[in-house]
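In: Next come a sequence and a model predicted from it.
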Amino acid sequence: MGKNGLKVFAPASVANIAVGYDILGFAVNDIGDEVIVREGSEPGLKIRSIHNYPSLPKDIRKNTAGFAALKLLESLGMENEAIEIDLIKNMGIGTGLGSSAASAVAGVFAVNEFIGRPYKKRELLRFATLGEQIADGSFHADNVAPSLLGGIVLIRDNATLDVVKLPAPLGLKCVLIYPLVEILTEEARALLSKSITLEQHIQQSGNLAAFVAALYKSDFELLSRSLNDCIIEPQRSKLIPHFDEVKSLAMENEALGYSISGAGPSMFALCSNSHIAENVAESIRRFYQDKKIECNYYISDINLDGAVRY
Ligand code: HSE
């Protein structure tokens, strides 16, 4: 890193976790975005370059990393500081892995470090969520909170960003499956019905409460019984090729649960050990290969650190 510059990493994340639409998410290891920040040559915050995704806007008001960092600087009256950032996108857009959120988190976390860390990590959440809002027009922290803070995070209230870090049971593994189909979050949100029945509410609340209890008890059987989304998955799964078949394969191979990651098309399985995770990943990889659908997969622990400075 050049004189006075620094580099940070913010991880990808799985939002909703089946039973917590807009209110649950966890971070994963290794996949994520990076930001390099250094002193600029003229006043104001600038995005100097965007690696791997040059079509993304460099205008800081239209870019999640730029906007999150700008909001932080404005809160301190420092928007005229000469600061340049390079954004390194290591994952595709519209994958359902929290790509725009990882950029927002990396942008704000990097600039906060660069100017001497005036805010604690937890305090960056509002700026990161404002950045993420650029991507799909709504204010929800189920990707930014885990990407920033790490672990499994519950958002009790998105408006006030009242967030709770939940325990991540030891040994819990996540398989990410990403068929190469693009789904825009804004569109996947727009297709959702605005109302649910009382019966669905009761079912989903039971599962959500039991999911949280299962994390506290490290009870994988309860976790498995809880991971059933009766509201969002039935509406969105039709956007993902062969969703029902690959979910059945995952469950036959002893996954604890299988659902859509964020708005899709990525999907995730939670598994009780790496052996099961590998079997689940391999069975789905073979299935998509037979159907001639290109697909990436990845096995990860729950990332407990969130955004980090190198
Ligand atoms: N909770 C969001 C959704 C995550 O499912 O639309 C994607 O931004």
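Out: Ah, there it is.

In: Give me every residue in the stretch 201-310 of the chain lying close to the ligand.
Out: For the stretch 201-310 of the chain, the residues in contact with the ligand (CB under 6 Å from any ligand atom) are 262-263. Yep, even glycine has a C-beta here, placed from its N, CA and C like the rest.

In: Helices of the stretch 201-310 of the chain, start to end?
Out: In the stretch 201-310 of the chain, the helices defined using DSSP state H, counting those that start in this stretch lie at 220-226, 233-236, 243-252, 274-290.

In: Return the set of buried residues in the helix or strand of the chain with the lowest mean pLDDT.
Out: Least confident helix or strand, the chain: helix 185-190 with a mean of 88, by mean pLDDT, DSSP states H and E. Under the neighbour-count criterion of 16 or more other CB atoms under 10 Å, helix 185-190 has 185, 188-189 buried.

In: Looking at these, which one is closest to Val8?
Out: Proximity of the buried residues of helix 185-190 to Val8 (CB to CB) peaks at Thr185, which lies at 23.6 Å.

In: from memory that closest one sits against Gly262, does it?
Out: Yes: between Thr185 and Gly262 there is a contact under CB atoms under 8 Å: 7.0 Å.

In: Overlap in contacts, those two.
Out: Taking CB atoms under 8 Å, 6 or more residues apart in numbering as the contact rule, Thr185 and Gly262 both touch Gly96.

In: Need the helices of the stretch 201-310 of the chain in CSV (columns: mean pLDDT and mean neighbour count).
Out: Below are those laid out as CSV (pLDDT from 0 to 100; neighbours: other CB atoms under 10 Å):
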stretch, mean pLDDT, mean neighbour count
helix 220-226, 98, 17
helix 233-236, 97, 17
helix 243-252, 98, 18
helix 274-290, 97, 17
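
In: Tell me which residues touch the spatially closest residue to Met251 that is not a sequence neighbour, please.
Out: Spatial nearest neighbour of Met251, chain neighbours left out: Tyr258 (6.2 Å); criterion: CB to CB, 6 or more residues apart in numbering. Applying CB under 8 Å, 6+ apart to Tyr258 gives the contacts 227, 246-247, 250-251, 267-269, 280.

In: Got the domain ranges for this structure?
Out: Annotated domains of the chain cover 6-167, 173-301 [automatic domain parsing].

In: neighbours around the closest residue to the ligand within the stretch 201-310 of the chain, how many?
Out: Closest contact between the stretch 201-310 of the chain and the ligand, by CB to the nearest ligand atom, is at Gly262 (3.7 Å). Using other CB atoms under 10 Å, Gly262 is surrounded by 28 other residues.

In: my guess is it contacts Gly94, does it?
Out: No: the criterion here is CB under 8 Å, and Gly262 misses it with Gly94 at 9.9 Å.

In: Now the common contact residues for the two.
Out: Residues touching both Gly262 and Gly94 (CB under 8 Å, 6+ apart): Thr185.

In: What residues does the stretch 1-150 of the chain have near the ligand?
Out: So the stretch 1-150 of the chain meets the ligand at 15-16, 21-22, 136, 140, 142-143 (CB under 6 Å from any ligand atom).

In: What about those, which one has the most neighbours?
Out: Highest neighbour count within these, by other CB under 10 Å: Asn143, with 34 neighbours.

In: Correct me if wrong: it contacts Glu132.
Out: Yes: using CB under 8 Å, Asn143 is in contact with Glu132, at 6.6 Å.

In: Report the set of residues contacting both of these two.
Out: Residues touching both Asn143 and Glu132 (CB under 8 Å, 6+ apart): 100-101.

In: After the helix or strand containing Lys46, which helix or strand is next? Please name it.
Out: Here Lys46 is covered by strand 45-51, with elements defined by DSSP states H and E. Proceeding N to C from strand 45-51, the next assigned helix or strand is helix 64-75, under DSSP H and E.

In: Output the following helix or strand past that following helix as PDB, nothing but the C-alphas.
Out: The first helix or strand that comes after helix 64-75 along the chain, using DSSP H and E, is strand 83-88. C-alpha atoms of strand 83-88 as PDB (Å, rounded to 0.1, in the frame of the first residue of the first chain):
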ATOM      1  CA  ILE A  83     -10.100  11.500  -0.600                       C
ATOM      2  CA  GLU A  84      -9.900   9.000  -3.500                       C
ATOM      3  CA  ILE A  85     -11.200   5.500  -3.400                       C
ATOM      4  CA  ASP A  86     -10.600   2.400  -5.600                       C
ATOM      5  CA  LEU A  87     -13.400  -0.100  -5.500                       C
ATOM      6  CA  ILE A  88     -12.500  -3.700  -6.200                       C
END
